[in-house]
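Novice: Give me a 3D structure for the following:
(one chain, ligands or ions: 1)
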Amino acid sequence: MTAMVKAEGVHKSFGGVQVLKGIDLEVEQGEVFCLIGPSGSGKSTFLRCINHLEKINAGRLYVDGELVGYRQKGDKLYELKDSEVAQQRRDIGMVFQRFNLFPHMTAVENVMEAPVQVKGLNRSAARQRALELLDRVGLGDKAGNYPSQLSGGQQQRVAIARALAMDPKLMLFDEPTSALDPELVGDVLDVMRDLAESGMTMIVVTHEMGFAREVGDSLVFMDGGVVVESGHPREVLTDPQHERTKSFLSKVL
Ligand SMILES: Nc1ncnc2c1ncn2[C@@H]1O[C@H](COP(=O)(O)OP(=O)(O)OP(=O)(O)O)[C@@H](O)[C@H]1O
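Specialist: Model prediction:
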């Protein structure tokens, strides 16, 4: 089976500063793949490269067997046109640390917006589907609320429903609970756990080691723009092999 995500020697630099220094990894279909590491290690940048928010400088990055952002002919790479990039991005849902909802739209309008605007779905079908998704994330009764009338945890669950509304084949989570008050974290993790059980392929940048241990299928520890250690979450978290992993985990566990 084709890997959902494959990175081969992925490099990314900003203004001459190398942030990703040759990332090699594979995320299988249906896998919950957790990325951990200290601040500044390049985790968000890697997710952003998968979702076309940044362009890699070297290496190869594939989603579901397709090169991200490029077409290869012989040895040469050609950048995809904007419309082709948009097409690739449709298959990827992303959830950010800050929920980024449209403040002037209700929860249901936030969720139905992309299917209407991007996919051309008619409004009543899009609304129906959005209501089902809000129900799925436990917010069936909040469909008419504006973001300002929702808690951070509820806003994040709307953001998850919004990403799901495009029927992605891959979901990226960039520290989805870091901006939440501690008592709101559990509800968001429960929604992510349900999603994992439904077979969604997920890459999760997280500091929630309990979630990684219980739900994750694979875990990668990144530091300084490289993959230091990878394996099953329980193995890496309980028996890390590298000093850098041990030192990081001793601070967060
Ligand atoms: N657009 C940008 N321009 C310049 N530097 C950037 C840009 N985006 C990220 N960086 C730098 O790249 C490095 C890695 O950042 P990144 O956000 O990927 O790390 P991270 O591991 O996700 O950290 P955190 O856990 O704090 O979010 C940091 O030093 C950051 O300052």
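Novice: partners of the closest residue to K43 other than its chain neighbours in the sheet?
Specialist: In this structure, K43 finds its nearest non-sequential neighbour in V205, 4.5 Å apart by CB to CB, 6 or more residues apart in numbering. For glycine as for every other residue, the C-beta is placed from the backbone atoms N, C-alpha and C. Beta-bridge partners recorded for V205 (DSSP bridges): L35, D174.
Novice: I'd say V205 and L35 touch.
Specialist: Yes - in this structure, V205 is within contact of L35 by CB atoms under 8 Å, at 4.7 Å.
Novice: Find residues that contact each of those two.
Specialist: K43, L47 (CB atoms under 8 Å, 6 or more residues apart in numbering).
Novice: So those two - more neighbours on which side?
Specialist: Between V205 and L35, counting by other CB atoms under 10 Å, L35 is the more crowded of the two (29 against 23).
Novice: so that one touches H207, yeah?
Specialist: No - with contact defined as CB under 8 Å, L35 does not reach H207; the gap is 10.7 Å.
Novice: for the record, mean pLDDT for stretch 71-79?
Specialist: Mean per-residue pLDDT for stretch 71-79: 91.
Novice: Now do that stretch: distance to the chain's middle.
Specialist: Put simply, stretch 71-79 sits 27 Å off its chain's centre (CA atoms, centre = their mean, to the nearest Å).
Novice: going forward can the numbers begin at 25, since that is how I track them
Specialist: Shifting the count to begin at 25 puts that one at stretch 95-103.
Novice: what does that stretch contact?
Specialist: So stretch 95-103 is contacted by L91, G93, Y94, L104, E108 (CB under 8 Å, 6+ apart).
Novice: Then stretch 46-55?
Specialist: 25-35, 57, 66, 70, 83, 223-227, 241-242, 244, 246, 249-251, 254.
Novice: Out of the residues you listed, which end up buried?
Specialist: The neighbour-count criterion (16 or more other CB atoms under 10 Å) marks 27-31, 34-35, 57, 66, 70, 83, 224-227, 241-242, 244, 246, 249-251, 254 among the contacts of stretch 46-55 as buried.
Novice: Give me the subset of these that also touch the ligand.
Specialist: Restricting the buried ones among the contacts of stretch 46-55 to those touching the ligand (CB under 6 Å from any ligand atom) yields G66.
Novice: Which members of the buried ones among the contacts of stretch 46-55 occur in strands, if any?
Specialist: Cross-referencing those against strands under DSSP state E gives 29-31, 34-35, 57, 83, 225-227, 242, 244, 246, 250-251, 254.
Novice: how about the strands in the stretch 75-224 of the chain?
Specialist: For the stretch 75-224 of the chain, the strands defined by DSSP state E, counting those that start in this stretch occupy 82-87, 90-91, 94-97, 100-103, 116-119, 194-198.
Novice: Just send the ones you listed back as TSV, with distance to V212 too.
Specialist: Formatted as TSV, the strands of the stretch 75-224 of the chain follow (distance: least, CB to CB, whole Å):
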stretch	distance to V212
strand 82-87	25
strand 90-91	30
strand 94-97	34
strand 100-103	36
strand 116-119	9
strand 194-198	9
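Novice: Spell out which residues of the stretch 25-174 of the chain are next to the ligand.
Specialist: Residues of the stretch 25-174 of the chain lying near the ligand (CB under 6 Å from any ligand atom): F38, V43, G61, S63, G64, S65, G66, K67, S68, T69.
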